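Enquirer: Just the structure for this:
(chains A and B)
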Amino acid sequence: MSKTIKNIFIEGAIHPTFISDSIAKHSSKKDIGAHSIFLGQIRQDVIDGATVQAIEYTAYETMALDKMHEIREAVFSKYDLTCMHVYHSLGVVNAGEICLFVFTSSKHRTVAMEACNEIVERIKAELPIWGKEIFNDESYQWKVNR
Amino acid sequence: MEIKIIAFGSIAELTGKEITVQASDVDSLKVTLQELFPELADRKYAVAVNMKVVQENLELKQNDTVALMPPYSGG
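Expert: You can find the predicted model right below:
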């Protein structure tokens, strides 16, 4: 079986125009009846008086892409999806900017929404990616996923 | 034999991003790493051999790449 590993990583923030362009590209696929989109945004947490200014992401890229391929295959076989797109930032993303974009399309809403949710949960739990929260006083801490 | 270690996130701050250590299996590798970096004892991390997470001991071969990975925090 051939294995085409798609890249999911984007350097820096994911721009809203990239997201809208991605939506627009689907207008030619007339069998789609529902899209589900998840966008992760950098939250400006305040921890012990210091404000999160940005998150800097690093990853074990080859392993993350390998794992994402596995997730993609599993989700495609479980749900009747027309298509699936996943993008994750690497490097510095400022508070208020988008760092994760998951986009699923199907004939009907339930499938698109459930698949989208499952992909987001699996990305958070299974991809070797690390976020370093950078504070306005130049201190930092390693992010912990809830 | 010499095993190439790559480390990520908070673990890399202790060990450096890339080091080479003599070890024959994963358990002995962990012991050696803890001798070199005593603070590792208090850290939670997973070990992947050639991009696969290993839970149990595994014999290491020449050219294996071992990754030390703190809990993931992507997304």
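Enquirer: So what's the predicted local confidence for A:Ala1?
Expert: No, residue A:1 isn't Ala; it's Met. We note a pLDDT of 50 for A:Met1 in this prediction.
Enquirer: what does A:Thr82 give?
Expert: At A:Thr82, pLDDT is 97.
Enquirer: Also A:Glu138?
Expert: At A:Glu138, pLDDT is 87.
Enquirer: and it, how far is that from B:Leu58?
Expert: 41 Å (CB to CB, to the nearest Å). Bear in mind the C-beta positions are built from the backbone N, C-alpha and C, glycine included.
Enquirer: Just give me the neighbour total for the closest residue to B:Arg43 other than its chain neighbours.
Expert: Computed as CB to CB, 6 or more residues apart in numbering or on different chains, the closest residue to B:Arg43 that is not its neighbour in sequence is B:Ile11, at 6.4 Å. Number of residues near B:Ile11 (other CB atoms under 10 Å in any protein chain shown) recorded here: 25.
Enquirer: Give me the buried stretch members for the helix or strand containing B:Ile11, please.
Expert: Remark: B:Ile11 resides in helix B:9-15, with elements defined by DSSP states H and E. Across helix B:9-15, burial judged by 16 or more other CB atoms under 10 Å in any protein chain shown covers B:Gly9, B:Ser10, B:Ile11, B:Ala12, B:Leu14, B:Thr15.
Enquirer: Now the element after it, going C-ward?
Expert: strand B:18-22.
Enquirer: ok, now which ones touch A:His88?
Expert: Contacts for A:His88 (CB atoms under 8 Å, 6 or more residues apart in numbering or on different chains) come out as A:8-10, A:57, A:59, A:99-101, A:123, A:127, A:129, B:74-75.
Enquirer: Between which two of these is the distance greatest?
Expert: Taking CB to CB, the two most distant members of these are A:Ala59 and A:Phe101; they sit 15.6 Å apart.
Enquirer: Could you list the contact residues of chain B toward chain A?
Expert: B:6, B:8-10, B:48, B:51, B:67, B:69-75 (CB under 8 Å from any CB of the partner chain).
Enquirer: Beta-bridge partners for the residue of chain A found nearest chain B, please?
Expert: Relative to chain B, the nearest point of chain A is A:Ile129 (2.9 Å; CB to the nearest CB). Using DSSP bridges, the bridge partners assigned to A:Ile129 are A:Ala59.
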